[in-house]
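**Q** The following comprises the amino acid sequence and a computationally predicted model.
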Amino acid sequence: MNSILAFVMNHKTIFIKLTISVLLFGVGWAAGTKVSAIAHNMTLNDLQAKHAKAELQWESERKAAAERQIRALDAAVQKQQNATTESQRITTQLLETQQQLSKTERELKKRINDATKNDGRNFNGIGPYSLQLYRAALGYPIDSRCLPANTSGAAGSASETTCPGAGLSPEDILDHITDYGTYCRTIEKQLISIKNWERNK
């Protein structure tokens, strides 16, 4: 024991320096560990903050994209609904027109015999009664002033009618049929276009 104390006393300077070095190393190691931990925490916090920011931005972009898709879908649905409504309106209108035309056609056919009977057989074309029926069939107003004053069924002359040219010559009939045929073909093409649009919408 005494020898150990003597050894320490003889080398106390060395022991003091060694003790100081150990203490300094311990303090430095502790400080370095603390600084390293602080730096690690700062790096981790920075990474977490960046990750949270990126995640928030991604979520915002995803939400914006979803909203754009919803708006586009709503617009497409509304457009389809408008097209369907318009198609139904046109279809209903065409059906009503066809029904009205069929009714008018039946009524006019019933009146043909009466008109030709009243005109008599002296007209080379259409007599005044047939002309009025002809006008009615085409949707024109009937002018009763152009009917003959003679209602016995015999054909009246131009002097017996209240307006000149009460009848219609064959040339006039053919000319009018040509124009009306062109008109009917135009309407037919329009109806075909509507039908094709309805089928392909």
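**A** Done, it's in. Numbers count the residues shown, from 1 in each chain.
**Q** Output the longest helix belonging to this structure.
**A** helix 12-119 (DSSP state H).
**Q** Can you give me the buried ones in the helix or strand just after that helix?
**A** Using DSSP states H and E, the helix or strand that follows helix 12-119 in sequence is helix 128-137. Going by neighbour count (16 or more other CB atoms under 10 Å), the buried part of helix 128-137 is 128-136. Heads up, the C-betas are built off the backbone N, CA and C, glycines and all.
**Q** hmm, which two among those are most spread apart?
**A** Pro128 and Ala136 (12.9 Å; CB to CB).
**Q** shared neighbours of those two, which are they?
**A** Here Pro128 and Ala136 have no joint contacts, going by CB atoms under 8 Å, 6 or more residues apart in numbering.
**Q** Kindly provide the whole-number mean pLDDT of stretch 77-92.
**A** Mean pLDDT, stretch 77-92: 84.
**Q** Can I get it in PDB? Just the C-alpha atoms.
**A** Extracted in PDB, the C-alpha atoms of stretch 77-92 (Å, rounded to 0.1, in the frame of the first residue of the first chain):
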ATOM      1  CA  VAL A  77     -73.700  14.700 -68.000                       C
ATOM      2  CA  GLN A  78     -75.400  18.100 -68.400                       C
ATOM      3  CA  LYS A  79     -74.500  18.100 -72.100                       C
ATOM      4  CA  GLN A  80     -76.000  14.700 -72.500                       C
ATOM      5  CA  GLN A  81     -79.100  15.600 -70.600                       C
ATOM      6  CA  ASN A  82     -79.500  18.700 -72.800                       C
ATOM      7  CA  ALA A  83     -79.000  16.600 -75.900                       C
ATOM      8  CA  THR A  84     -81.600  14.100 -74.700                       C
ATOM      9  CA  THR A  85     -84.100  16.800 -73.900                       C
ATOM     10  CA  GLU A  86     -83.600  18.400 -77.300                       C
ATOM     11  CA  SER A  87     -83.900  15.000 -79.000                       C
ATOM     12  CA  GLN A  88     -87.100  14.300 -77.100                       C
ATOM     13  CA  ARG A  89     -88.500  17.700 -78.000                       C
ATOM     14  CA  ILE A  90     -87.700  17.200 -81.700                       C
ATOM     15  CA  THR A  91     -89.000  13.700 -81.700                       C
ATOM     16  CA  THR A  92     -92.300  14.800 -80.000                       C
END
